[in-house]
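Peer 1: Need coordinates for the below:
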Amino acid sequence: MTTTTLAVLVPLLPFLGAAAGLLLGRTAPGFVRPLAVLPTLVSLALAVLVAARQGGGPAVDSATELTPTGSVPVELALHIDGFAALVAVLVGVVATGVQIYSTGYLRDDPRYPSYAALVSLFTSAMLLVVYSGDLIVLLVGWEVMGICSYFLVGHYWETPEARAASLKAFLVTKLGDVPFLIGLFALGTDAGSFRITRILGTTASGGLHHPTLIALLLLAGVAGKSAQFPLHTWLPDAMAGPTPVSALIHAATMVAAGVYFVARLLPVFEASSAAMVVLAVMAAVTMAGSALAALAQDDIKRVLAYSTIGQLGYMTGALAVGDRGAAVFHLLAHGAFKALLFLAAGVLIHAAGTNSLAAMSRMKDLRARVPDAYWTMTVALLSLAAIPPFAGFFSKESVLGAAEHTATGHTGHAPGAAGWIVLVSGLVTALLTAAYATRLWLLAFRGHGPEAPDHGRQPLSMNAVLWVLAVPSLAFGLAYRELPGWFDGRSLTPALTTSVLGTGLALAGVLVTYGAWRHTTALAARVPLGAVAAHPEADAGLVEAEAIATHAAAYGSVAYAPDPADPGRLLLGPLHRHAAVGFHLDALYETLFVRPVAAAAALVRFLDREVVETYVLGAGAVPRLFGAAVRRAQTGNVQTYVSALLAGTVVLTVAALLVATGV
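Peer 2: Reported below is the predicted structural model:
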């Protein structure tokens, strides 16, 4: 079987599994789990075989024209180079793990058949994006992922949070997709083709007429899909969906699609220095802002959501300095440890028996109750914090090293300003990332919340997936010496200066957060909550905790049960209440966009009802009145009709005589 045939089967099998699952979900429920797991598992095996055959060598290209368009052709094309092959393997690993995990996590869910089918369709769409060699075909997968995320985030549609989150995710990503679509058409028009290879050839020869405009339009779609500032606000709310869906979206599918797209078309963005600086600024704001927000969240899944936003910022930062290899390296490493983090968080939630108990302030010393999640989540958090020798250390330091090379003028792929922006923000974010990772570990596994009921040991299908994902989270970074040939030949070896700085800042974040936790824990033990503000030893963190506990309704869901030992309140101080609500961006968008649109809609409704409808009713009233008058004349009396006829005849005769005589 040729490599092209194998590559076609990789996205096709999950699609067929999704179709079969939807058709047989009600009539043959016994087939649902095999149809969820087996097609995805076989697709993973084929993706591994495609990667082995491609081997980091020349790209595999194949195309056939779908139908004549009369202008720019649209082709069913494959373009599989080294990093496309690796990303497809990542998608297959995470999707297979999520499907296996979900058989235990959602074993009692009555809507599991539709859920499993949508996960398979989601996987198929992402694989189509990865392997596609034509931008219009890529757009199909891009949009299918959007609709799948809408349904999966809203899986628990009985809750208003899930309904609102699914609608928000759909609308915000579509907001970015509109300029993205315009940018695709402009790019195809300039290049005369939607084929990626021809577009890259046109770019290399300087054939793009509007590189800055095209790049900025495309970046809008990337910001929406990959949750980058300012279109990132949908991702934390998307935690209302099932936890395995969060793992799939955050680790290997939807949010990774935007980064993958920029990596695929990086020369197009490099053709515009302005676009590269914009990308760098977007990455910097995203990194630092999301890390601060993560440090203030109480819901464990929201911490991980903001963490994903920040790590995607590292990837876009690497792309902003022109290093596709570092970006995709971090994409692969992040996919492993972030999937592990979400699935381990799902075990913690499962142990509590409900999806609503994700608040870390309600967790109490879970180490003994969930040992598998404890050990594997520790590995994933160390990787997230970029502690050597875990995978995240090598991938994150490769990003910082690329930024340093650009900032010091050692590469000409991006402006030096972009390098400095990414480098400084990346180092600051390294400190904050280690801080919120340590805080999560302390509150989840050494917290002092109320004792939750014990719901027994988790299914083997859930725990086994955790250990499988722990292996790449620990060891994948050591493959950095072998990976450059799969990208663009550049070294992924971490630079000495940034490695020392990054590791030092990460360790500082760990130690400072642990010290703050010890301090607040000891103080909370001595000063009961309720007497905090009046106590001379009370610090700002405990005072704020008491204030939030007293006025919980005003704060909403972000702080309904504050933990007085939470080190995040002490570390952030007065910034905490702003970071906890995402720096009020949702409120800002509500004021700037939602309310004006709602007011405009109300005005249109008023005009339609009071003005347009009045004219419509008036237009109908005149014929109705005329008809009523005519109806009154129709009495049915023949004598009346004859009299009216004679009277009319007389009137007409007299009128004719008057005219004839000239009177």
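
Peer 1: For stretch 405-423, buried residues please.
Peer 2: Neighbour counts over stretch 405-423 (16 or more other C-beta atoms under 10 Å) mark 405-407, 411, 413-415, 418-423 as buried. Glycine gets a C-beta too; all of them are placed from N, C-alpha and C.

Peer 1: Gly17 is in contact with Ser120, correct?
Peer 2: Yes - at 4.6 Å, Ser120 and Gly17 qualify as touching, with contact defined as C-beta atoms under 8 Å.

Peer 1: Identify the contacts common to the two.
Peer 2: Residues touching both Ser120 and Gly17 (C-beta atoms under 8 Å, 6 or more residues apart in numbering) are 35-36, 39-40.

Peer 1: For the stretch 451-600 of the chain, give me the ranges with low pLDDT.
Peer 2: Counting by pLDDT under 70, the low-confidence segments of the stretch 451-600 of the chain come to 451-457, 481, 484, 488-491, 493, 524-565.

Peer 1: got the residue ranges for the helices in it?
Peer 2: For the stretch 451-600 of the chain, the helices defined by DSSP state H, counting those that start in this stretch occupy 460-475, 496-526, 540-550, 552-555, 567-572, 576-579, 585-589, 595-607.

Peer 1: what's the most buried one of those?
Peer 2: Across the helices of the stretch 451-600 of the chain, averaging neighbours per residue (mean count of other C-beta atoms under 10 Å) puts helix 567-572 on top, at a mean of 25.

Peer 1: which strands and helices sit next to that helix?
Peer 2: Contact analysis of helix 567-572 by 3 or more C-beta pairs under 8 Å, 6 or more residues apart in numbering; DSSP states H and E lists helix 416-445, helix 496-526, helix 540-550, helix 576-579 as its packing neighbours.

Peer 1: tilt between the second one and helix 416-445?
Peer 2: Helix 496-526 runs at 30 degrees relative to helix 416-445, counting by axes from the mean of the first three to the mean of the last three C-alpha atoms, to 10 degrees.

Peer 1: Check the offset of helix 496-526 from the chain's centre.
Peer 2: 29 Å (C-alpha atoms, centre = their mean, to the nearest Å).

Peer 1: before we move on, what about the shortest one?
Peer 2: The offset between the C-alpha centroid of helix 576-579 and the centroid of the whole chain comes to 23 Å, using C-alpha atoms, centre = their mean.

Peer 1: Okay, the residue lying closest to Phe487 once chain neighbours are set aside and Leu86: tell me how far apart.
Peer 2: Of all residues not flanking Phe487 in the chain, Gly325 sits nearest, at 3.6 Å (C-beta to C-beta, 6 or more residues apart in numbering). Gly325 is 11 Å from Leu86, where distance means C-beta to C-beta, to the nearest Å.

Peer 1: Spit out the residues that contact the two alike.
Peer 2: Listed as contacting both Gly325 and Leu86 by C-beta under 8 Å, 6+ apart are Leu483.

Peer 1: what's the nearest residue to Phe261 if we skip its chain neighbours?
Peer 2: Val222 (6.1 Å).

Peer 1: What mean pLDDT does the helix or strand that the one you found is a member of get?
Peer 2: Val222 belongs to helix 211-225 when assigned by DSSP states H and E. Average pLDDT, helix 211-225: 94.
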